[in-house]
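Visitor: Need a 3D model of the sequence below.
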Amino acid sequence: MNHYIKLVNFEVKRFSKIFLALIIGVVAAQIIGAIITSLHYVDNAETTMLREQMAVSQYIQQYGAYSLQNFLYSEYFILSIVFAAALLIIYVFFIWYRDWLGKSSVIYRLLMLPTARRNVYFAKLTTILLFIFGLTGMQIILLEVVNQITQRIVPDQLWMDESIIYIYSTEVLDLLYPQSSLLFVFYYVIGITAVAVIFTSILFERSYHIKGIFLAFIYCVISIVIVMVPVIIQIITNYFYANEIYLIVTGFSILTTALAIYLADYLLKRKINV
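Guide: Residues are numbered from 1 along each chain as shown. Below is the predicted model of the structure:
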């Protein structure tokens, strides 16, 4: 356990500068975006009311009041989330290939440590999860900051206050913060499974090289099929309720993750020599 914690700490430190830059970039983009979208709304509202001689109530009735949703569906919020997700996806590959393709081949030193080789795998998986949860946690705080900024820019008459439950039930946020505990588990188990499968696919490629690319592809296809089996059955039979499908797919995803860990452990022990 002590070696595992040290490995996690090692991996976190290696990505910390990039992660900090990502956090700063997301925060800056969203705060600037919130200011721009709210100022644009106010300017447009004042211009329209002046031109058409409208009262505030008439403007709101025709065009709607400003709420946090105006920001959530703006390109500033959506693109910042997409950029952060894309960077983390890239890092899922980079976290392994950096160790092999770097000048000093760090992977061989990691695998020679006096600990089970699977701990290297678990440490990298844990690191990815820590950054994912770190980003989603940061976003909760950032949304409150954005909410306070826009409330100070938009006049009270044009502002529509929404409950937290309603805000987080929007399509944009529901993927990040599912309202149902079942969906929360479902989304994040699927995510963990995807990362585990990618990690094991990389180990196939590193173990068998050119042949490993083909094996990794076959393994990915098999993993996807295993996870999709309940969905395929549902399409054919229409037998299960939605919640039952979520539960069954979650179960199959956990099995797929267990298979990924087993194969990764085998490859690290038997096929990768130092």
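Visitor: Quick check: mean pLDDT of the helix or strand hosting Phe133?
Guide: Secondary structure from DSSP states H and E places Phe133 in helix 118-153. Across helix 118-153, pLDDT averages out at 92.
Visitor: just how off-centre is it within its chain?
Guide: Distance, stretch centre to chain centre, for helix 118-153: 9 Å (Cα atoms, centre = their mean, to the nearest Å).
Visitor: Next: stretch 150-163.
Guide: 29 Å.
Visitor: List the buried residues for that stretch?
Guide: Buried positions in stretch 150-163, judged by neighbour count with 16 or more other Cβ atoms under 10 Å: 150, 154, 158-159. For glycine as for every other residue, the C-beta is placed from the backbone atoms N, C-alpha and C.
Visitor: again with stretch 131-150
Guide: By neighbour count with 16+ other Cβ under 10 Å, stretch 131-150 contains the buried residues 131-132, 135, 139, 142-143, 146-147, 149-150.
Visitor: Kindly reformat these as TSV containing distance to Ala84.
Guide: Listed next are the buried residues of stretch 131-150 as TSV, based on distance: Cβ to Cβ, whole Å:
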residue	distance to Ala84
Phe131	10
Ile132	10
Leu135	6
Gln139	9
Leu142	11
Leu143	14
Val146	15
Asn147	19
Ile149	20
Thr150	21
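Visitor: Which one of the buried residues of stretch 150-163 is nearest to Glu244?
Guide: Nearest to Glu244 among the buried residues of stretch 150-163: Thr150, at 40.8 Å, using Cβ to Cβ.
Visitor: Against Gly212, how distant is Leu173?
Guide: Distance, Leu173 to Gly212, using Cβ to Cβ, to the nearest Å: 39 Å.
Visitor: buried stuff in the helix or strand harbouring Phe184?
Guide: Element membership for Phe184 (DSSP H and E) is helix 181-208. Buried residues in helix 181-208, defined by neighbour count with 16+ other Cβ under 10 Å: 183, 186-190, 192-207.
Visitor: next one: stretch 81-89
Guide: So, applying 16+ other Cβ under 10 Å, buried residues of stretch 81-89: 81, 84, 87-88.
Visitor: picking up where we left off before, other SSEs contacting the helix holding Phe133?
Guide: Here helix 118-153 touches helix 2-52, helix 68-72, helix 75-101, helix 106-111, helix 181-208, helix 242-266, going by 3 or more Cβ pairs under 8 Å, 6 or more residues apart in numbering; DSSP states H and E.
Visitor: cutoff 10 Å now
Guide: Contact here means 3 or more Cβ pairs under 10 Å, 6 or more residues apart in numbering; DSSP states H and E; on that basis helix 118-153 packs against helix 2-52, helix 68-72, helix 75-101, helix 106-111, helix 164-168, helix 171-174, helix 181-208, helix 242-266.
Visitor: Any idea which of these gets closest to Cys220?
Guide: Among those, the nearest to Cys220 by Cβ to Cβ is helix 181-208 (5.5 Å).
Visitor: how far is the closest one from where the chain is centred?
Guide: 12 Å.
Visitor: before we move on, what about stretch 191-211?
Guide: Worked out by Cα atoms, centre = their mean, stretch 191-211 lies 19 Å from the chain centre.
Visitor: do stretch 114-122 as well
Guide: Taking mean C-alpha positions (Cα atoms, centre = their mean), stretch 114-122 and its chain are 25 Å apart.
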